[in-house]
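Peer 1: this is a predicted model, with the sequence first.
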Amino acid sequence: MIVVDVQRDFCEGGALAAADTVSLLEPLRKSIETARRVGAMIVFTRDWHPANHSSFQTVAGPWPVHCVANSASAELMPPLRAGADDLMIHKGVRVDGAGYSGFEDTGLAEQLKAFGVTRLAVSGIATEYCVRATAMDGLKAGFATVVLTDLIRAVQPGESAKVLAELEKAGVHASTAAEWLRSL
């Protein structure tokens with residue numbers, strides 16, 4: 001289970017908040033705990049940008065400054081916490097790297113394959129950016145990939161249906177967390 005960018009800056013009150021993230025946190029926490037209990041690997045991705053990241057408006061990029069490495073705003077949003085056996089992936093660490101996908105310049109595909117992972121469930125923030133990119137790259141890396149539709153949030157909720165249709169057309173399946181957890 002990949003939990004994409006559920007960080008302070010992407011949640012209510014953050015510099016680049018997605019919509020309705022408060023309602024995401026507790027169901028996501030419960031799903032993570034259930035997945036751990038049945039032996040699923042949990043992967044957290046975090047934007048972990050240098051202070052002069054090319055995506056920031058301060059250097060003519062499109063986004064406000066967000067998720068600067070080693071800052072409180074880049075930490076996982078409580079009540080989420082990475083466990084000792086979970087994998088933490090930092091992305092967007094190069095000044096000029098977009099860092100939307102958890103697979104971009106992170107070695108994630110190789111790490112998952114080394115653990116024998118063949119299926120991915122993607123959750124988190126933001127549907128139309130990092131969730132989308134991570135799901136597409138997971139599929140391209142050869143993993144059977146599903147997006148957990150009740151455990152994602154968008155910056156622009158009106159874009160979600162379009163993004164999910166695009167993912168489905170590419171071969172990424174959609175599922176609720178409950179349906180996916182029953183399949184484990």
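Peer 2: Now that the structure is in, tell me what you want to look at.

Peer 1: from now on I want contacts and neighbour counts done on CA atoms only, so please keep to that.
Peer 2: Will do.

Peer 1: what's the neighbour count on residue 9?
Peer 2: Residue 9 sits with 24 neighbouring residues when counted by other CA atoms under 10 Å.

Peer 1: where does it sit: helix, strand or coil?
Peer 2: Using DSSP: H, G, I helix; E, B strand; the rest coil, the three-state assignment for residue 9 comes out as helix.

Peer 1: next one: residue 52
Peer 2: Following three-state DSSP, residue 52 is assigned to coil.

Peer 1: excluding chain neighbours, give the residue nearest to it in space.
Peer 2: When the adjacent residues along the chain are set aside, residue 52 lies closest to residue 95, with 6.5 Å between them (CA to CA, 6 or more residues apart in numbering).

Peer 1: my guess is the one you found contacts residue 56. True?
Peer 2: No: in this structure residue 95 lies outside contact range of residue 56 using CA atoms under 8 Å: 10.0 Å.

Peer 1: returning to what we had before: contacting residues for the residue nearest to residue 52?
Peer 2: If you count contacts by CA atoms under 8 Å, 6 or more residues apart in numbering, residue 95 has them with 49, 50, 52, 53, 54.

Peer 1: now do the helices in the protein.
Peer 2: 22-37, 108-114, 132-140, 160-170, 177-182 (DSSP state H).

Peer 1: looking at the ones you listed, which is buried most?
Peer 2: The densest packing among the helices of the chain, expressed as mean neighbour count by mean count of other CA atoms under 10 Å, is seen in helix 132-140 with a mean of 22.

Peer 1: for residue 97, give me the pLDDT.
Peer 2: Residue 97 is assigned 82 on the pLDDT scale.

Peer 1: number of residues surrounding it?
Peer 2: Residue crowding around residue 97 was assessed by other CA under 10 Å; the count is 15.

Peer 1: look up phi and psi at the nearest residue to it once chain neighbours are set aside.
Peer 2: In space, not counting the residues next to it along the chain, residue 97 is nearest to residue 54; the distance is 7.6 Å by CA to CA, 6+ apart. Main-chain dihedrals, residue 54, degrees, to the nearest 10: phi -60, psi -20.

Peer 1: residues in contact with residue 54?
Peer 2: When the contact criterion is CA under 8 Å, 6+ apart, the partners of residue 54 are 60, 61, 95, 96, 97, 98.
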